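Asker: Need a 3D model of the following:
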Amino acid sequence: MEWEVARWAKLCGLSSTALSDLLAIEGVSEHLSLSFKNANELNAIVDHGLPTGCPKFKRKQIMVAGEAFDIYHRNVIECVKLLYGDPDFAKYLAFAPEWHYSDEDETIRLFHDMHTGKWWWDMQKKLDQHSPGGTIIPIIISSDKTQVTLFHNESVYPVYLTIGNIPKEIRRKPSRGAHILLAYLPCTRLQHITNKASCRRTLANLYHACLGHVLAPLKSIGVDGLRMASGDGALRRCHPLFASFVGDYPEQLLVTGIKFGECPKCDVDADDTGSNTAPFHLHNLTKVLDALAALDEGNLSFVRACAAAGIKPIVHPFWEDLPFTNIFCAITPDVLHQLYQGLIKHLLGWLSAACGGAEIDARCRRLPPNHHIHLFSKGITCLLRISGTEHAQICRFLLGIIIGICLPNNLNAGRLQQAVQGLMDFLYLAQYPCHSSESLQLLDDALDLFHENKDIFIDLGICSNFNLPKLHAARHYSAMIMMFGTMDNYNTEYTKQLHIDFAKDTYRATNHKDEFVQMTRWLEHKEKIMRHDKYVNWRCAGVEETMPYHSRPPDMTFRRLQSVSKHPTAKAISIDKLVKDYGATYFREALACYITQLNHTNDPIPLRSQTLDVVKWLSVDTRGHGDATATLDSVHARPQWSSGSSLWPRRSDTALVSICGNPDVVSMEGVRVGQVRVIFSLPSKSVPLLFSPTVEVPTHFAYIEWFEPFTSAPDRHHGLYKLSRSLRGGEKVASIVPLANIVCSVHLMPNFGAVVPQEWTSDMVLNNCNTFWLNSYIDRYTFSLFK
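Answerer: So this is what the prediction gives:
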């Protein structure tokens, strides 16, 4: 009981004052048999009674421009040892670079985790020349200043560390604990320095001085190595090498010392960042290091040398002496800020100006519902401070809502659609969990498609140029994927959750006075409790046999498990009620046809069925990383129903249905789109009366109203397939299929035309509209299938 109370107090956000007040109530601690009477006594037990897990924080004063600043940090080598030696990661760790291929002839190379990229291979060759047989530990550093209060503008500057030996599927889940808080950097604004240029220069020098002190142990150990034990007890001579830096554009400029508006990786001119053909090369590291060495020659010579090298005059940047480090190569792409919060944000503004905000919002309000689609009831052009998640939701239908819109001056709308298609394809291809040399060519082709048609925005008078560093950064994506693996190895989106755990919640636990001392102590207590909780769970679970782990590339099949609820939503539903409430107009005829096909009997006798409102698809841990089950997709088929004073409309989702009899093998020829009106099962007593004993009868069925088969090719202007209802004699074509034949949900975009009809609504648009466009952007599975 005492352990459970302590765990609850430290992990559930309870303040020390609240805990002390609770325990001060007469009889509480006695009835719970607690050995502590207040928060301070609990903290003392945690400090002295639990083993030390993570390294403790140290306080260090850093002198910059004659002023002292406090930095709170951990020993970087001890942090690396902690992650490398964690038993939870032991069987997943990668210790050497590997080349993976998709074909037996080994001509198509695959890139996914960091150890499949060229960087690890190149570093291993360089290391073997100096110290053969060493194991590289790629150090991945990320930093991002974040605000921890709403009104007082208080900020925290955390630095996080992880290692590339851990698979990306584990690293990208904050709950798996693959990131560790390395340091809190000073958050000063240097308001006493009135000159803005001097202030920015001092802040940059402070950042590098602090980070240089934190990472200093890597200088010698990176070259000489250190014997470390992995979680399975095996000892290896390990070489921690700085591999990549993860951060947004301002952080990238701060780290590299490049000026605003320029690329932090290459020497392309700021006026050419909007070009897709301007030549570029990575910044010359040797030239930059020579310029930094000019500091000994005096300030004037130093400033001039740095200007000639294309960087700001930074005094001893942290990466200057790190072994085998090229900081310009280490800067990685950032999907969240460069694409979602960068290019997509610009694109929304351009489209709003080109198509009219009112028309775009009217179309958004009339989209049919789908598991993957967030319905913006007020439109999207009026949104303020759009988050990365909201931008991702908008991208799932953005191309479809501009089809058919007439542009001013009768300009060619096909160019606008192709520009948007190119950017959407690039966005989705860039986030593939595994890339091949072929898919990387598709990535470059998508970017070329945008650049070939982007001038439509200039012709419309919306913008005069495209000199955006974030647009130019897209040209580096293919090379960086080949260098460090796919984008999910280094995405700033993962650190956003870390901010909650290591910055916001930590700050709220303090009294906001001398907060960093309290924050580091609170965090150490929490980490001790979490580590001991893992130990308790391990001891209680006993020894379990674990299957051997074999690393393999992720694929785009997205293996999923279909699931339905154990109990029906409605029982004993008559066919007449199915026709009236669910819109299953031809249910009786479709069921008779299905039974006849299976066992050649006459029409079925009257029966009552049981219905379900939804079928779901659950994730499967295909790579053996212990991932929890999550709902990936669902199809709804429910009648109109009321809840209190609210009336909920009927919902009949559209789905992709296998017509070849094997839903596990999906191809364009073997699937059709249908609208699912009813998901049902037959009464067990009726099955013997309807089917022959030799017939294998499925447990669940679906009543489907069909759309026409896919055309041989999508539309040439935007790449989406056109669909219309399948009719016979003016009536909808419907049939009964086994529920297992439904592959996944699909989203149909109405063909709105030049102006959206005002009488259309989201609930009824599937019935009102005659032609649709199949939305291939609702998720990566659908995109990979139809592209």
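
Asker: From here on, just use CA atoms for contacts and neighbour counts.
Answerer: Fine.

Asker: What mean pLDDT does stretch 350-369 get?
Answerer: Here stretch 350-369 scores 95 as its mean pLDDT.

Asker: Stretch 377-387 too?
Answerer: If you average the pLDDT over stretch 377-387, you get 92.

Asker: residues of it that come out buried?
Answerer: By neighbour count on 16 or more other Cα atoms under 10 Å, the buried set for stretch 377-387 is G379, I380, T381.

Asker: how about the residues you listed in CSV, adding secondary structure and distance to G212?
Answerer: Formatted as CSV, the buried residues of stretch 377-387 follow (DSSP: H, G, I helix; E, B strand; the rest coil; distance: Cα to Cα, whole Å):
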residue, secondary structure, distance to G212
G379, coil, 47
I380, coil, 44
T381, coil, 44
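
Asker: And for C329, nearest residue in space, chain neighbours not counted?
Answerer: Of all residues not flanking C329 in the chain, K265 sits nearest, at 6.7 Å (Cα to Cα, 6 or more residues apart in numbering).

Asker: and the one you found, what does it touch?
Answerer: Neighbour list for K265: L282, H283, F328, C329, I331 [criterion: Cα atoms under 8 Å, 6 or more residues apart in numbering].

Asker: what about the second one, distance to N326?
Answerer: If you measure H283 against N326 using Cα to Cα, to the nearest Å, the figure is 10 Å.

Asker: These two - which one has more neighbours?
Answerer: Ranked by neighbour count (other Cα atoms under 10 Å), H283 and N326 place H283 first, with 23 against 19.

Asker: Spit out the contact partners of the more buried one.
Answerer: K265, C266, D267, F328.

Asker: now do 10 Å
Answerer: 256, 258, 263-268, 309-311, 326-329 (Cα atoms under 10 Å, 6 or more residues apart in numbering).

Asker: same thing with A39?
Answerer: A39 neighbours (Cα under 10 Å, 6+ apart): 6, 9-10, 15-23, 45.

Asker: And D448, by the same measure?
Answerer: When contacts are counted by Cα under 10 Å, 6+ apart, D448 touches N276, T277, A419, G422, L423, F426, L442, K454, R475.

Asker: Ok, P97 next?
Answerer: P97 sits next to 113-124, 135-136, 165 when contact means Cα under 10 Å, 6+ apart.

Asker: Give me the buried subset of those residues.
Answerer: For the contacts of P97, buried by 16+ other Cα under 10 Å: 113-121, 123-124, 135-136, 165.

Asker: between the residues you listed, which is closest to R172?
Answerer: The shortest approach to R172 among those belongs to D113, at 11.7 Å (Cα to Cα).

Asker: Who are the contact partners of that closest one?
Answerer: Going by Cα under 10 Å, 6+ apart, the list of residues near D113 reads 94, 97-98, 164-169, 433-434, 481, 484-489, 551-554.

Asker: where does the stretch 451-600 of the chain dip in pLDDT?
Answerer: 543-551, 555-558, 600 (pLDDT under 70).

Asker: all strands of it, in order?
Answerer: Secondary structure of the stretch 451-600 of the chain (DSSP state E, counting those that start in this stretch): strands located at 560-564, 570-574.

Asker: Same list as before, those that is, but in CSV and with distance to N38 and mean neighbour count included.
Answerer: Shown next, in CSV, are those (distance: least, Cα to Cα, whole Å; neighbours: other Cα atoms under 10 Å):
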stretch, distance to N38, mean neighbour count
strand 560-564, 48, 16
strand 570-574, 53, 14
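
Asker: Throw these into JSON lines and include distance to S352, thanks.
Answerer: Below are the strands of the stretch 451-600 of the chain laid out as JSON lines (distance: least, Cα to Cα, whole Å):
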{"stretch": "strand 560-564", "distance to S352": "38"}
{"stretch": "strand 570-574", "distance to S352": "45"}
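
Asker: Report the two of the contacts of D448 separated the most.
Answerer: Within these, two members stand farthest from each other by Cα to Cα: L442 and K454, at 18.3 Å.

Asker: and the two? which has more neighbours close in?
Answerer: Just comparing L442 and K454: by other Cα under 10 Å the higher neighbour count belongs to K454, 20 against 17.

Asker: ranges for the strands of the stretch 301-450 of the chain?
Answerer: Using DSSP E, counting those that start in this stretch, the strands of the stretch 301-450 of the chain run over 435-436.

Asker: Just give me the residue closest to the centre of the protein.
Answerer: Nearest to the mean C-alpha position of the chain, by Cα atoms, centre = their mean, lies E493 at 6.5 Å.

Asker: Surely K312 is in contact with P264?
Answerer: No - judged on Cα atoms under 10 Å, K312 makes no contact with P264 at a distance of 11.7 Å.

Asker: Make a PyMOL selection of the buried ones in the contacts of A39.
Answerer: Only the buried entries of these go into this PyMOL selection, using 16+ other Cα under 10 Å:
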select buried, resi 6+9+10+15+16+19+20+23
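
Asker: would you turn the contacts of A39 into CSV with distance to L682 and secondary structure?
Answerer: Formatted as CSV, the contacts of A39 follow (distance: Cα to Cα, whole Å; DSSP: H, G, I helix; E, B strand; the rest coil):
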residue, distance to L682, secondary structure
A6, 52, helix
A9, 51, helix
K10, 52, helix
S15, 55, coil
S16, 58, helix
T17, 59, helix
A18, 56, helix
L19, 56, helix
S20, 59, helix
D21, 59, helix
L22, 56, helix
L23, 58, helix
I45, 61, helix
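
Asker: Just the closest of the contacts of A39 to D576, please.
Answerer: Using Cα to Cα, the contacts of A39 come closest to D576 at A9, 57.2 Å.

Asker: check contacts around the closest one.
Answerer: W3, S15, S16, A18, L19, A39, L42, K526.

Asker: again with I679
Answerer: I679 neighbours (Cα under 10 Å, 6+ apart): 564, 568, 609-615, 635-638, 700-704, 736-739.

Asker: Which ones among those map onto strands?
Answerer: Among those, the members found in strands (DSSP state E) are 564, 609-612, 614-615, 635-638, 701-704, 736-738.

Asker: Could you pick out the buried ones from those?
Answerer: Taking 16+ other Cα under 10 Å as the criterion, what is buried in those is 564, 609-612, 614-615, 635-638, 701-704, 736-738.

Asker: Quickly list what L647 is bridged to.
Answerer: Beta bridges link L647 to S642, judged by DSSP bridges.
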